[in-house]
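Chemist: just coords:
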């Protein structure tokens, strides 16, 4: 069974932190480890996890602006304390200097607010692929190293084909996730979201090409087998 990654949300705004926690709960393979609303609280939870007083933490979703510090300074404190947990910055800050500092500190993703669930899920899926590739004791060759870093750059939502929108893509993914057995045909999706069948198929095909869902043949109906799209 694939490893479940435990996520600490570090965000001072209660509504935003709960929203991010809810997003984490919707992504397969991730679960919430806790919510910290200050840098001090985050460091305390990370030390407790390292020393076994609470369950482990595998990933941090970190706001850059916190009431008692900045996300950048928190990362520096973590590294100084030998806390080597991966971090995804989740912030409205667009300052290039902050981005450079994030890269220098090894922050693996930088997610700019506001964003849809689809964008959030793509970032976590990319991180999960990266984590799986680097979890082995050693890398075998340059190709494996390159593939590991390429996994972090994968995003099927950032550059959508013409005519597709992130908002509708979010609704399509949610519809597939909530469908019985997590599979839908283009006709079923079109009826559920009041889209044309052609439009529904375009969104499903985009998700399939991006590796988010997989195509399968649905048998049991007269005529040619119908194509269904199933959540991976």
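Modeler: Ah, there it is. Computed from a prediction, not measured in an experiment: that's the story for all the values here. Numbers count the residues shown, from 1 in each chain.
Chemist: quick check: longest helix in this structure by residues?
Modeler: Longest helix in the chain by number of residues (criterion: DSSP state H): helix 117-134.
Chemist: which elements pack onto that one?
Modeler: When contacts are defined as 3 or more CB pairs under 8 Å, 6 or more residues apart in numbering; DSSP states H and E, helix 117-134 packs onto helix 14-26, strand 86-91, strand 109-112, helix 142-153, helix 166-178. C-beta coordinates here come from the backbone N, C-alpha and C atoms, glycine included.
Chemist: I would like the residues contacting the second one, please.
Modeler: Spelled out, it's strand 86-91. Contact with strand 86-91 is made by 11, 20, 58-65, 71, 75, 78, 98, 102, 105-113, 123-124, 127, 131, as judged by CB atoms under 8 Å, 6 or more residues apart in numbering.
Chemist: now which of those residues would you call buried?
Modeler: 11, 20, 58-64, 71, 75, 78, 98, 102, 105, 107-111, 123-124, 127, 131 (16 or more other CB atoms under 10 Å).
Chemist: so which residue is dead centre in the chain?
Modeler: residue 124 (1.9 Å; CA atoms, centre = their mean).
Chemist: ok, for it, nearest residue in space, not its chain neighbours?
Modeler: Leaving aside its sequence neighbours, residue 124 sits nearest to residue 27 (CB to CB, 6 or more residues apart in numbering; 4.9 Å).
Chemist: same question, residue 93
Modeler: Leaving aside its sequence neighbours, residue 93 sits nearest to residue 64 (CB to CB, 6+ apart; 4.6 Å).
Chemist: mean confidence for stretch 168-185?
Modeler: In this model, stretch 168-185 has a mean pLDDT of 83.
Chemist: buried stuff in it?
Modeler: Quick answer for stretch 168-185 (16+ other CB under 10 Å): 168-173, 175-177, 179, 183-185.
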